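Asks: got a structure for you, letters missing:
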């Protein structure tokens, strides 16, 4: 049991920073990204610790992807409500003015602030954020994490054919967007 | 061929840039990640697997209670008591006669029958 815990800790330590970067690129917020990574860690330890270590990597990223998608769904609902409330407030505040207008909102994380790096990093993060979520995450899993097509399919919960399509489109779009910054 | 080489160069640059960003993560974020990892491992280690039968106990107990109550309800009811009897109860409750009349109903019925025989 202690050996398994040590192995799990080593594994999590080896993926946590990349997982955080993937989450922060997807959800664009430090706290949200940290929460998603923590949930993925707990999910792996709770449900898959007894699986062979070789399976942990795709399973961990599968949980992370699942959490990211859940976050997107919740965000869609939040946005709809926010839009409705904003319209309602606009009507309500036409006479009084909005007392919160000058109050700073939550800090919007930008790529340059989130991660140390130069123009190349800012450019690729901005380009990745312009991609559809599935293309973005497929690219990160395949090109950065080095997962095979099959492992990426497990992580993304889709077929190998879809992985190839998403990846190919992602590479094509990124190269187009980063023309001038990149080879 | 050149296209493939360009793509490989592009991917290598992307990996290098993203790796660089990971290495230079803020200390506060690294510290929070470490805490999250420790918490996950600790929680996983202390969590004993929950036997399925324990999760099934409340459901089984609930179903058993419902079945026992239902059987008591139907068995405990005297024969002849059903929806029709409930209508009679309502009639008694709303009737103008005093409740004592209904308590002695059998006597009055016997009296009426006896009077009939006497008349005959």
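Replies: Arrived safely, thanks for sending. These figures come from a predicted structure and were not determined experimentally.

Asks: Grab the nearest non-local neighbour of the residue in chain B positioned nearest to chain A.
Replies: Relative to chain A, the nearest point of chain B is residue B:44 (3.2 Å; CB to the nearest CB). (Glycine included, C-beta is placed from N, CA and C.) For residue B:44, the nearest residue in space outside its immediate sequence neighbours is residue A:45; the separation is 3.2 Å by CB to CB, 6 or more residues apart in numbering or on different chains.

Asks: what about the host helix or strand of the one you found, distance to the chain center?
Replies: Taking DSSP states H and E as the criterion, the element that holds residue A:45 is helix A:30-48. Per CA atoms, centre = their mean, to the nearest Å, the displacement of helix A:30-48 from the mean C-alpha position of its chain is 12 Å.

Asks: Please name every helix or strand in contact with the next helix or strand after that helix.
Replies: Scanning forward in sequence from helix A:30-48 by DSSP H and E, the next helix or strand is helix A:53-96. Packing contacts for helix A:53-96, counted by 3 or more CB pairs under 8 Å, 6 or more residues apart in numbering or on different chains; DSSP states H and E, involve helix A:2-27, helix A:30-48, helix A:133-139, helix A:149-156.

Asks: Residues of chain A that sit close to chain B?
Replies: Those residues of chain A that sit near chain B, judged by CB under 8 Å from any CB of the partner chain, are A:1, A:5, A:8-9, A:12-13, A:16-18, A:20-21, A:30, A:34, A:37-38, A:41-42, A:44-46, A:49, A:115-117, A:120-121, A:124-125, A:140, A:143-144, A:171, A:174-175, A:178, A:182-183.

Asks: Please spell out the ChimeraX selection for the buried subset of those.
Replies: For the buried members of the residues of chain A next to chain B, the matching ChimeraX selection, counting by 16 or more other CB atoms under 10 Å in any protein chain shown, is:
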select /A:8,9,12,16,17,18,20,21,30,34,37,38,41,42,44,45,49,115,117,120,121,124,125,140,143,144,171,174,175,178,182
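
Asks: where are the low-confidence patches of chain A?
Replies: Residue ranges of chain A with pLDDT under 70: A:1, A:92-117, A:181-183.

Asks: Minimum distance to chain B, which residue of it gives it?
Replies: Taking CB to the nearest CB, chain A has residue A:45 as its residue nearest chain B, at 3.2 Å.

Asks: Just the endpoints, please. Distance across stretch A:138-153?
Replies: This stretch, stretch A:138-153, spans 9 Å end to end (CA to CA, to the nearest Å).

Asks: Which residues does it contact?
Replies: The list of residues contacting stretch A:138-153 from outside it, by CB atoms under 8 Å, 6 or more residues apart in numbering or on different chains, reads A:18, A:22, A:25, A:57-58, A:61, A:128, A:131, A:155-156, A:159-160, A:162-164, A:166-167, A:170-171, A:174, B:11, B:14-15, B:18-19.

Asks: before we move on, back to that, the residue of chain A closest to chain B and residue B:34, how far apart?
Replies: Note on residue A:45: its distance to residue B:34, by CB to CB, to the nearest Å, is 15 Å.
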